[in-house]
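> quick one: sequence plus predicted model below, questions after.
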Amino acid sequence: MRRLLLIAAIALPQAAFAADRIVVHAVEVQDQKAVVATVEPVHQLVARARLGGTIVSLKAKEGERAEAGAELATVADPKLVLQMQALDARIESQQAQVDKAKTDLDRVDELLRKGVSAQVQVDAARTAYDVAERNLDAMRGDRSVIAQQMSEGAVLAPGAGRILSVPVSEGRVVMPGETVATLAEDRYILRLQLPERHAQFMRAGDKVQIGSRGLTELTDETRREGRVTTVYPEIQGGRVIADVEVPGLGDYFVGERTLAWVSAGARRVIIVPAAFVFRRAGVNYVKTADGSEVVVQPGERHGDAIEILAGLADGDALVAP
């Protein structure tokens, strides 16, 4: 477990480090715990088939980038083609009936003008013509519906991103709503899963220290800083889930793991300049203002300072050895 001094705690006067005499005081130190974080996209997009049929064309490939609206696959249903052909034949037949009804109406109108036909015959012919036209319009509407269904065979990318997986292949039969490709948006975050006891310490806006790619230790050269954006209110499996936004995660693999250091609470410790601690015969000492030597137990170093776990009390005066 790593520990990091609070800003207020580490702001010790440099003169005190260089002086020959100091008075030690307890300062607040924030503990940091190393946890494994997983790279996840902010949003994961799913391209689904809108109709059932056979995949006749598949353009999506894992790892490639797809723009929003790009055609990833084409699904064809042979039954729709047969229905379209049947409707075309019915439309041609109905068109012939419309033409015949129009011819009958014109003939009856001409006989009415010559006085050899009755008005009731004209009305009957006009009604037959109107019915034939309405039936033709209905068939054309049905054809438009089938044409729209056939156009929905194109599976389009719902947004821009990298294609993560394509669980189908050409020639495979898919059902409506079945996944054809999964995409990850270009924005990535680190997802933390912390033990339940850390829930009280996690807050949106907290800073998180990130190391280099891979499960490596944190160094000054590889240190990067992120910020907690979301702490989910639900504990799952005894773990608190939080999202951390870190600049420059675009070159990571989705699901890649890295180490992150998060706050695990604060405590008060005594910290002295490392120059005031000396070692003799395998034992660490400090020299008090009255000239006596006191055995101390050193802890973790913080730059030019070192924690004293035991041996000193708040307010003790020390002199340089």
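Now that the structure is in, tell me what you want to look at. Numbers count the residues shown, from 1 in each chain.
> list the buried ones in the helix or strand that Arg143 is a member of?
With the criterion set as DSSP states H and E, the secondary-structure element containing Arg143 is helix 119-151. Judged by neighbour count using 16 or more other CB atoms under 10 Å, the buried positions of helix 119-151 are 121, 125, 128-129, 132-133, 136, 139, 142-143, 146, 149-150. Glycine gets a C-beta too; all of them are placed from N, C-alpha and C.
> point out where the chain drops to low pLDDT.
Along the chain, the parts satisfying pLDDT under 70 run over 1-19, 212, 214-222, 250-251, 265.
> what domains does the record give for it?
2-41+187-319, 44-77+153-184, 78-151 (automatic domain parsing).
> check contacts around the nearest residue to Gly226 once chain neighbours are set aside.
Distances taken as CB to CB, 6 or more residues apart in numbering place Val246 nearest to Gly226, at 3.7 Å, with adjacent residues excluded. In this structure, Val246 makes contact with Ile189, Leu190, Val208, Ile210, Arg224, Glu225, Gly226, judged by CB atoms under 8 Å, 6 or more residues apart in numbering.
> switch to 6 Å and redo it
Residues counted as contacts of Val246 (CB atoms under 6 Å, 6 or more residues apart in numbering) are Leu190, Ile210, Gly226.
> out of those residues, who's nearest Leu72?
Nearest to Leu72, judged by CB to CB, of the contacts of Val246 is Leu190 at 28.4 Å.
> and the closest one, which of the three is it?
strand (DSSP: H, G, I helix; E, B strand; the rest coil).
> re the thing from before, would you format the buried residues of helix 119-151 as JSON lines with distance to Gly69 included?
Below are the buried residues of helix 119-151 laid out as JSON lines (distance: CB to CB, whole Å):
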{"residue": "Gln121", "distance to Gly69": "58"}
{"residue": "Ala125", "distance to Gly69": "51"}
{"residue": "Ala128", "distance to Gly69": "48"}
{"residue": "Tyr129", "distance to Gly69": "45"}
{"residue": "Ala132", "distance to Gly69": "42"}
{"residue": "Glu133", "distance to Gly69": "39"}
{"residue": "Leu136", "distance to Gly69": "35"}
{"residue": "Met139", "distance to Gly69": "32"}
{"residue": "Asp142", "distance to Gly69": "28"}
{"residue": "Arg143", "distance to Gly69": "26"}
{"residue": "Ile146", "distance to Gly69": "23"}
{"residue": "Gln149", "distance to Gly69": "19"}
{"residue": "Met150", "distance to Gly69": "19"}
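> closest one of those to Ala73?
Checking the buried residues of helix 119-151 against Ala73 with CB to CB, the nearest one is Met150 at 14.5 Å.
> for the nearest residue to the closest one once chain neighbours are set aside, what are its contacts?
Leaving aside its sequence neighbours, Met150 sits nearest to Leu80 (CB to CB, 6+ apart; 5.2 Å). Applying CB under 6 Å, 6+ apart, we find Leu80 in contact with Ile146, Gln149, Met150.
> could you give the angle of the host helix or strand of Leu80 to helix 119-151?
Using DSSP H and E, Leu80 sits within helix 78-114. Per axes from the mean of the first three to the mean of the last three CA atoms, to 10 degrees, the angle that helix 78-114 makes with helix 119-151 is 160 degrees.
> list of residues touching stretch 286-293?
Stretch 286-293 is touched from outside by Phe276, Val277, Tyr285, Val294, Val296, Ala317, Leu318, Val319, Pro321, with contacts defined as CB under 6 Å, 6+ apart.
> restricted to buried residues, select the residues you listed in ChimeraX.
Isolation of the buried members of the contacts of stretch 286-293 (16+ other CB under 10 Å) is achieved in ChimeraX through the command below:
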select :276,277,285,296,318
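> nearest to Val269, of the contacts of stretch 286-293?
Val296 (12.3 Å).
> ok, the residue nearest to Pro158 when sequence neighbours are not counted - contacts?
Leaving aside its sequence neighbours, Pro158 sits nearest to Leu45 (CB to CB, 6+ apart; 4.8 Å). Shown in contact with Leu45 (CB under 6 Å, 6+ apart): Pro158, Gly159, Leu183.
> mind doing that once more with 8 Å?
Taking CB under 8 Å, 6+ apart as the definition, contacts of Leu45 comprise Ala157, Pro158, Gly159, Gly161, Thr182, Leu183, Ala184, Glu185.
> mind listing the strands for the stretch 151-300 of the chain?
For the stretch 151-300 of the chain, applying DSSP state E, counting those that start in this stretch gives strands covering 154-156, 161-165, 173-174, 179-184, 188-195, 207-210, 224-236, 239-245, 257-273, 278-280, 283-288, 293-295, 297-302.
> now the fifth one - C-alpha only, PDB.
When you say that, I think you mean strand 188-195. Extracted as PDB, the C-alpha positions of strand 188-195 are listed here (Å, rounded to 0.1, in the frame of the first residue of the first chain):
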ATOM      1  CA  TYR A 188     -12.500   5.400 -22.800                       C
ATOM      2  CA  ILE A 189     -12.600   5.500 -19.000                       C
ATOM      3  CA  LEU A 190     -11.000   3.400 -16.300                       C
ATOM      4  CA  ARG A 191     -13.500   1.300 -14.300                       C
ATOM      5  CA  LEU A 192     -12.600   0.500 -10.700                       C
ATOM      6  CA  GLN A 193     -14.000  -2.200  -8.600                       C
ATOM      7  CA  LEU A 194     -13.100  -1.600  -5.000                       C
ATOM      8  CA  PRO A 195     -13.800  -3.500  -1.800                       C
END
